[in-house]
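> Just need the structure, nothing else, for what follows:
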Amino acid sequence: MSNGPGDGSAVQSVDRALTILKLLARDGELGVSEMAAVLGVHRSTAFRLVATLESHDLVEQDSDRGRYRLGVGLVRLAGATSARLDLVRESRVVTPALARTVGETVNVAVLSGREALYVDQVAGPSALQLHNWVGQRIPLHATSNGKVLLAYAPAALCDEVVAAGLPGLATRTVTDPGLLRAELAEVRRRGYAAAVDELEDGLSAVAAPVRGADGSVVASLSASGPTFRMPEKAIPAVAEQVMTAADEVSARMGWFGSTV
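Below is the predicted model:
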């Protein structure tokens, strides 16, 4: 991490920008001169700060009076946070039972850029040395959760993932773009994805989509364990249990339609 001479001023700018957001949350609307007075800075400095916030839709200007208020960007950020918290809360009603039934670790992941971000995990009774996946980002092409998220994402994302390269991470990682696209089509057809010895040798996983109230796929739910306990021949049976659990979470998220 850089500790150059400019770092202090950058941190100070961030602090001032956050202070502006807090002021607008408290007062509703403010002009640039008012912000400058509270911050104790020149008007031009306050204007640069608010202009940067405006470029990210975090504040917006009243066209008639020239005063600023909080923008829709904050609503989007708050909505994303709320949705993620709802997902974890609702999935936790379902995932412990799935973990007990399959005896393995259950994870919930969401799409984050070109990666899968793990947001929750429940250990099954067979998990001995548990690896904590929460907060980790995993390649989409090499995991069951990632394949589910990629299968239901816009086609442009698959193009980006392929263009960025499909590195081989384990013995059976899918590194051929044509094979990956064919597998994603199969995921959409059968309703689940599997990965055996793809992220790492000796690890198997099965995942199914979790849908939001509008029917879009908002997350992936998986069961994973060592390949000797979850060999390829056991995948279909585990997949049925994972899909049932994912449908239950989807229902709790407001989805009551048919995925067929």
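> Next secondary structure element downstream of the least confident helix or strand in the chain by mean pLDDT?
Lowest mean confidence among the helices and strands of the chain (mean pLDDT, DSSP states H and E): helix 72-91, at a mean of 69. Of the helices and strands lying after helix 72-91 in sequence (DSSP states H and E), the nearest is helix 95-102.
> same for that next one, what does it pack against?
Where contact means 3 or more C-beta pairs under 8 Å, 6 or more residues apart in numbering; DSSP states H and E, helix 95-102 is packed against strand 105-112, strand 115-122, strand 217-226, helix 235-252. All C-beta spots, glycine's among them, are computed from the backbone N, C-alpha and C.
> quick one: buried residues of that helix?
Buried positions in helix 95-102, judged by neighbour count with 16 or more other C-beta atoms under 10 Å: 95, 98-99, 101-102.
> hang on, Arg189 is in a strand, isn't it?
No. Arg189 sits outside any strand when classified using DSSP: H, G, I helix; E, B strand; the rest coil, being helix.
> how close does it get to Ala151?
Going from Arg189 to Ala151 by C-beta to C-beta, to the nearest Å gives 10 Å.
> How about Val72?
In terms of C-beta to C-beta, Val72 sits 30 Å off from Ala151.
> Glu198 too?
15 Å.
> Check His131 too.
His131 is 24 Å from Ala151, by C-beta to C-beta.
> Which one's more surrounded, these two?
Using other C-beta atoms under 10 Å, the more surrounded residue of His131 and Ala151 is Ala151, with 24 against 12.
> OK, contacts around the more buried one?
Each residue near Ala151 by C-beta atoms under 8 Å, 6 or more residues apart in numbering is listed here: 184-185, 187-188, 193, 209.
> Check Glu248 too.
Per C-beta under 8 Å, 6+ apart, neighbours of Glu248: Val94.
> Can you pull the poorly scored residue ranges out of the stretch 151-260 of the chain?
Flagging of the stretch 151-260 of the chain using pLDDT under 70 yields the residue ranges 258-260.
> let's see 90
Counting by pLDDT under 90, the stretch 151-260 of the chain shows low-confidence ranges at 165, 167-168, 171, 173, 200, 212-216, 225-226, 229-232, 251-260.
> Please work out the average pLDDT along the helix or strand Thr19 falls within.
Taking DSSP H and E as the definition, one finds Thr19 inside helix 7-27. For helix 7-27, mean pLDDT is 85.
> hmm, who's touching that helix?
Residues contacting helix 7-27 (C-beta under 8 Å, 6+ apart): 30, 35, 38-39, 41, 45-46, 49-50, 52-53, 58-59, 68-70, 74.
> Please parse this structure into its domains.
7-70, 79-252 (automatic domain parsing).
> Can you tell me which of the ones you listed is most buried?
Most buried of these by mean neighbour count (mean count of other C-beta atoms under 10 Å) is domain 79-252; its value is a mean of 19.
> where does that one sit relative to the chain's centre, distance-wise?
In terms of C-alpha atoms, centre = their mean, to the nearest Å, the centre of domain 79-252 is found 12 Å from the chain centre.
> and the residue most central in space within the chain, what does it touch?
In the chain, the centroid-proximal residue (C-alpha atoms, centre = their mean) is Val110; its distance is 3.3 Å. Neighbour list for Val110: 84, 87, 116-117, 119, 149, 218-220 [criterion: C-beta under 8 Å, 6+ apart].
> what separates it from Leu149, distance-wise?
7 Å.
> can you list residues touching both of the two?
In terms of C-beta under 8 Å, 6+ apart, Val110 and Leu149 are both contacted by the residues 116, 219-220.
> wait, which of the residues you listed is closest to Gly202?
Nearest to Gly202 among these is Ala116, at 19.7 Å by C-beta to C-beta.
> Do I have it right that the closest one meets Asn145?
Yes. Under the criterion of C-beta atoms under 8 Å, Ala116 makes contact with Asn145 at 4.9 Å.
> Between these two, which contacts overlap?
Residues touching both Ala116 and Asn145 (C-beta under 8 Å, 6+ apart) are 109, 138, 220.
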